[in-house]
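Visitor: Generate coordinates for the sequence data below:
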Amino acid sequence: MSSTQQQTELLAALVESFTEASSGGYCGQTHIHKAAFIAQELLGVPFGLKWEMYTYGPFSRDVRPGLARCEQEGMVVMQRHSNGLRIRRAAEAPPSSLPVEFRKKLQLVAQHLAPMDRGQLEKVATAAWVTRSTHGRGSGIESRAVEVHKLKPHIDTEIAEKAVSYVDDLISGSGVGLGTAALPDPVLMRQLAAKTAELYPSGGSLAAYRPGIRARVLIAEIPKGS
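Guide: The predicted model follows:
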């Protein structure tokens, strides 16, 4: 398999993971960018993407062309949505041939990021960017939160600490056994919903969906001009 084919299959599998995790909820390009960054840089999934820091955190210029290839090959569907492009797995997409280890990691990342809006994704992805930069140096939560605040001054250090902790929890969860069920149980979904809510201090609401579960997540909109 060529590197381009592998990247296409990985992106399609990531979209499939979000389709399962959101159960009909919204998944946009921001979700895919941030999830691919975390999966590649922190969990070792070989997307082979190059990254730069952008408006909502890590961004790769290769993601959009990769998603276009997925659409051309009948693996994903992209539709206009009030929030931008909505991306989901195509109903007749062929089954993935990727190793189980990669699929498990993509499912884990999708489960953590699916309930989030762009503001929350920015916080977590920026925390992941800093964590990658300091990985292996024993950098604590507080020091990484300070670095997040330096990169994105509108993210105060208290919220940055929650984002860094969320990333740490995601990384620690990546060691799940390969024989376990792909989808999280209701208790895990409620825990993720509660932690997602902490990334904003108050207000708003966002529906996070799972098959048979609907968890309400309290959030606040990003202040205008932040």
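Visitor: The protein: helices as residue ranges?
Guide: With DSSP state H as the criterion, the chain has helices at 3-22, 29-41, 63-72, 100-113, 118-134, 141-151, 157-173, 186-197.
Visitor: how about JSON lines for these, with mean neighbour count and mean pLDDT added?
Guide: Just so you know, the C-beta spots here come from the backbone N, C-alpha and C atoms, and that holds for glycine as well. Output for these, formatted as JSON lines (neighbours: other Cβ atoms under 10 Å; pLDDT from 0 to 100):
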{"stretch": "helix 3-22", "mean neighbour count": "22", "mean pLDDT": "92"}
{"stretch": "helix 29-41", "mean neighbour count": "24", "mean pLDDT": "95"}
{"stretch": "helix 63-72", "mean neighbour count": "17", "mean pLDDT": "95"}
{"stretch": "helix 100-113", "mean neighbour count": "22", "mean pLDDT": "92"}
{"stretch": "helix 118-134", "mean neighbour count": "23", "mean pLDDT": "92"}
{"stretch": "helix 141-151", "mean neighbour count": "18", "mean pLDDT": "93"}
{"stretch": "helix 157-173", "mean neighbour count": "19", "mean pLDDT": "90"}
{"stretch": "helix 186-197", "mean neighbour count": "17", "mean pLDDT": "61"}
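Visitor: will you turn those into JSON lines that also has distance to residue 78?
Guide: Below are the helices of the chain laid out as JSON lines (distance: least, Cβ to Cβ, whole Å):
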{"stretch": "helix 3-22", "distance to residue 78": "9"}
{"stretch": "helix 29-41", "distance to residue 78": "9"}
{"stretch": "helix 63-72", "distance to residue 78": "6"}
{"stretch": "helix 100-113", "distance to residue 78": "17"}
{"stretch": "helix 118-134", "distance to residue 78": "17"}
{"stretch": "helix 141-151", "distance to residue 78": "30"}
{"stretch": "helix 157-173", "distance to residue 78": "26"}
{"stretch": "helix 186-197", "distance to residue 78": "25"}
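Visitor: how about those, which one is nearest residue 57?
Guide: Of all these, helix 118-134 sits nearest to residue 57, with 3.3 Å by Cβ to Cβ.
Visitor: Using CSV, write down the CA coordinates of the closest one.
Guide: Provided in CSV are the C-alpha atoms of helix 118-134 (Å, rounded to 0.1, in the frame of the first residue of the first chain):
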residue,chain,number,x,y,z
ARG,A,118,-14.6,24.4,17.4
GLY,A,119,-13.8,26.3,20.5
GLN,A,120,-13.4,23.2,22.6
LEU,A,121,-11.4,21.5,19.8
GLU,A,122,-9.1,24.5,19.7
LYS,A,123,-8.4,24.1,23.4
VAL,A,124,-7.7,20.4,23.3
ALA,A,125,-5.8,20.4,20.1
THR,A,126,-3.5,23.3,21.3
ALA,A,127,-2.9,21.3,24.5
ALA,A,128,-2.0,18.3,22.3
TRP,A,129,0.4,20.5,20.3
VAL,A,130,2.2,21.6,23.5
THR,A,131,2.1,18.1,24.9
ARG,A,132,3.8,16.8,21.7
SER,A,133,6.5,19.5,22.0
THR,A,134,7.3,18.6,25.6
